[in-house]
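Visitor: Got a predicted model here, sequence first, then my questions.
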Amino acid sequence: METSFGLLFYLKKTKIFDDHKAPVYMRITVDGIASEVSTKRKCNPDDWNAAAGRLKGKTETSKEYNAYLDTLQQKVFEAKRKLIELDGELSSRNIKNLLLGKDQKQKHMLLELFQLHNDQMEALVNKEYAPGTLERYKTSYKHTQSFLKWKYQLQDIEVTKLNYEFISEYAFWLKSVRKCNHNTTMKYLANFKKIIINCIKNNWLQKDPFIGFKMTKREVNRVALTHHELQKISNNKFSIKRLEVVKNIFLFSCFTGLAYADVQKLKRSEIEIGIDGEQWIFTKRQKTDVLSRIPLLPPALKIIGQYEDDPQCKYSGLVLPVLSNQKMNSYLKEIADLCGIDKNLTYHIARHTFATTVTLSNGVPIETVSKMLGHTNIKTTQHYAKILDRKISDDMKNLKEKYL
C-alpha cells in the first residue's frame with residue numbers, strides 16, 4: 001500500500017500555444033514519484049484557478065470543462081482501485097499506463113485457457129488421464145464455446161468478466177438448449193469449474209463465480225438385473241453370432257463388475273493366480289487408475305475359456321473380443337427384447353448387477369465389493385446398497401424374531 005498519493009491538475013506554461021493558451025496536465029504522485037498525463041485540453045492562464053485545479057467561472061463552458069476534468073479524476077481513482085484489486089504494484093507509472101490503455105497485465109481469455117488445459121491433458125493421456133476423461137473435457141469446451149455465441153455473441157471472453165450470472169445462465173443453457181438432465185449439467189459445470197479454479201490459483205481471477213451456486217447432484221435410481229433376469233440371459237442361446245458374443249461379454253461384466261472400458265482393454269496377462277491359489281483379475285480402472293483385484297467366479301471363467309482360441313484375442317493378447325460401446329448397447333437392446341426383459345438394457349447395467357444381485361444381495365460385505373469395483377470412496381458403493389430391498393429384509397429378520 002502506498003504511503004502517499006496525490007493528484008493535481010495544472011497548466012504547463014512552458015508550452016503556451018499561439019492562441020496564448022497552455023496545455024492542462026494531470027500530475028499523479030505515489031510515494032513521492034510523479035507521472036504526468038496530458039488531459040488533451042488547454043486553457044488561458046487568466047481563466048485558470050491554480051488552487052482548485054479547475055477553470056474559473058460558472059458559465060456552461062466552464063461547467064462542461066470542469067466536468068471533464070472531474071471524469072478524468074474519477075478514472076485515476078478507478079485505475080488505482082483496479083491495481084489494488086489485482087495485487088499489482090501501485091505506482092504512478094502503472095496508474096498512467098492503465099489510463100492510457102497500456103495495461104501491462106496480459107488478458108486471459110476463457111477458451112484459450114480451456115484449450116491449453118485440454119492440450120496439456122491430451123499430452124498426459126494414458127499416463128495421468130484416461131482417454132474418456134479427455135473426451136469429456138473436449139465436449140465441455142465445445143459446450144462453453146456454443147454458449148458464448150448463444151448468450152453473448154462472442155468468440156471468447158476475458159475470465160475477469162465471469163460472475164455468478166454467467167454460471168447460472170450457462171446451467172440454464174445446458175438444460176434448456178442442450179437438453180441435458182440435471183446431473184449431466186452438473187458434470188459439465190464441474191469440468192468448467194476446474195478451469196476456473198486454475199484461473200483463481202494463478203491470480204487471473206479474484207473472485208470465484210461459483211460462490212453461491214449449488215453443484216449438488218440428484219440421487220439416481222440405479223437399474224440392475226434381478227437374479228431371474230440374469231438367468232434368462234444366461235440360459236438363452238442365440239443363433240446370431242454377434243448377439244451371442246455381446247451376451248457373453250455383458251455377462252462377464254455382470255460377474256466381475258468391470259466397466260466397458262476396463263473389459264475392452266483387459267489383457268490375458270492381467271489374469272493371475274491370487275492369494276487363494278485361484279485365478280484373479282488384477283487390473284487398473286481406466287476411469288480412476290485404481291487397482292481392482294477380483295476373484296473370478298465360475299461363470300466368468302467359463303466365458304474366458306470360450307475365447308481362449310479366438311484369433312482376434314490371441315493376436316491382441318486381450319481376454320475378450322469386445323465390440324464398440326455403441327454396438328454393444330445397440331445389440332443389448334435386441335437381447336433384452338428376445339429375453340422378454342422390460343428394461344433399457346445398457347452395458348453399464350452389468351456393473352450395477354454385479355454390485356447388487358451378484359455380491360451385496362448374497363452377503364458379500366460392502367467393503368469387499370467396494371474394493372472389487374475399484375471405488376475410491378465407499379460412499380459410492382453405498383448407493384448400490386440402498387436399492388436392495390431383499391438385503392433390508394434379511395437384515396431385519398433377526399430383529400423381527402426378538403419381537404415375536
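Guide: On my side now, so go ahead.

Visitor: ok, longest strand in this protein?
Guide: Scanning the chain for the longest strand, with DSSP state E as the assignment, gives strand 33-43.

Visitor: Quick one: list the elements packing against that one.
Guide: Counting contacts by 3 or more C-beta pairs under 8 Å, 6 or more residues apart in numbering; DSSP states H and E, strand 33-43 packs against strand 5-11, strand 22-30, helix 60-85, helix 92-99. (C-beta placed from N, C-alpha, C; glycine too.)

Visitor: again, only this time at 6 Å
Guide: Packed against strand 33-43 by the contact rule (3 or more C-beta pairs under 6 Å, 6 or more residues apart in numbering; DSSP states H and E) you find strand 22-30, helix 92-99.

Visitor: which of those has the lowest average pLDDT?
Guide: Of all those, the minimum mean pLDDT falls on helix 92-99 (a mean of 87).

Visitor: Could you give me the buried positions within that one?
Guide: For helix 92-99, the neighbour count (16 or more other C-beta atoms under 10 Å) marks 92, 94-99 as buried.

Visitor: low-scoring pLDDT stretches of this structure, where are they?
Guide: 1-3, 86-88, 103-106, 221, 385-395, 398, 404 (pLDDT under 70).

Visitor: Tell me which residue is most central in it.
Guide: The residue lying closest to the centre of the chain (C-alpha atoms, centre = their mean) is residue 191, at 0.6 Å.

Visitor: thinking again about what came up before, let's have the helices and strands packed on strand 33-43 in JSON lines, adding distance to residue 70.
Guide: What follows is the helices and strands packed on strand 33-43, written out as JSON lines (distance: least, C-beta to C-beta, whole Å):
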{"stretch": "strand 22-30", "distance to residue 70": "12"}
{"stretch": "helix 92-99", "distance to residue 70": "15"}
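
Visitor: out of the ones you listed, which comes closest to residue 331?
Guide: helix 92-99 (63.2 Å; C-beta to C-beta).

Visitor: What lies in contact with the following helix or strand past that closest one?
Guide: Downstream of helix 92-99, the first helix or strand assigned by DSSP states H and E is helix 110-123. Here helix 110-123 makes contact (C-beta atoms under 6 Å, 6 or more residues apart in numbering) with 129, 134, 137, 141, 156-157, 159, 195.

Visitor: What is the burial count for the residue lying closest to residue 227 once chain neighbours are set aside?
Guide: Leaving aside its sequence neighbours, residue 227 sits nearest to residue 357 (C-beta to C-beta, 6 or more residues apart in numbering; 5.5 Å). Neighbourhood size, residue 357 [other C-beta atoms under 10 Å]: 21.

Visitor: Distance-wise, check residue 357 relative to residue 55.
Guide: Distance, residue 357 to residue 55, using C-beta to C-beta, to the nearest Å: 87 Å.

Visitor: Residue 47 now?
Guide: Between residue 47 and residue 55 the computed distance is 6 Å (C-beta to C-beta).

Visitor: Over to residue 400?
Guide: For residue 400 relative to residue 55 (C-beta to C-beta), the value is 94 Å.

Visitor: Likewise for residue 133?
Guide: 64 Å.

Visitor: can you give me the helices in the stretch 251-400 of the chain?
Guide: All helices of the stretch 251-400 of the chain, identified by DSSP state H, counting those that start in this stretch, fall at 260-264, 298-306, 311-316, 325-339, 348-353, 366-373, 378-385, 389-402.

Visitor: Ok, which of these comes nearest residue 229?
Guide: Proximity to residue 229 (C-beta to C-beta) singles out helix 325-339 among the helices of the stretch 251-400 of the chain, at 7.6 Å.

Visitor: now for the closest one, which elements pack on it?
Guide: Packing partners of helix 325-339 (3+ C-beta pairs under 6 Å, 6+ apart): helix 241-254.

Visitor: domains in the chain, as residue ranges please.
Guide: As assigned by automatic domain parsing, the chain contains the domains 5-99, 110-201, 227-401.

Visitor: hang on, the earlier thing: counting neighbours, go ahead and name the busier of residue 133 and residue 55.
Guide: Comparing residue 133 with residue 55 by other C-beta under 10 Å, the one with more neighbours is residue 55, at 23 against 17.

Visitor: Next up, the contacts around that one.
Guide: With contact taken as C-beta under 6 Å, 6+ apart, residue 55 is in contact with 47, 62, 65-66.

Visitor: Determine the number of other residues adjacent to the closest residue to residue 245 other than its chain neighbours.
Guide: Of all residues not flanking residue 245 in the chain, residue 321 sits nearest, at 6.4 Å (C-beta to C-beta, 6+ apart). Residue 321 has 14 neighbours, counted by other C-beta under 10 Å.

Visitor: Roughly how far does residue 321 sit from residue 362?
Guide: 29 Å.

Visitor: With residue 152 instead?
Guide: From residue 152 over to residue 362 (counting by C-beta to C-beta), the distance is 55 Å.

Visitor: Count residues in the vicinity of the residue lying closest to residue 9 once chain neighbours are set aside, would you?
Guide: Excluding its sequence neighbours, the residue lying closest to residue 9 (C-beta to C-beta, 6+ apart) is residue 53, at 3.6 Å. Using other C-beta under 10 Å, residue 53 is surrounded by 18 other residues.

Visitor: Can you pull the phi and psi angles for residue 53?
Guide: Dihedral pair for residue 53: phi 70, psi 40, per degrees, to the nearest 10.

Visitor: what does residue 55 give?
Guide: Per-residue torsions, residue 55: phi -70, psi 140 (degrees, to the nearest 10).

Visitor: can you tell which of the helices of the stretch 251-400 of the chain is closest to residue 10?
Guide: Nearest to residue 10, of all the helices of the stretch 251-400 of the chain, is helix 378-385, at 68.3 Å by C-beta to C-beta.
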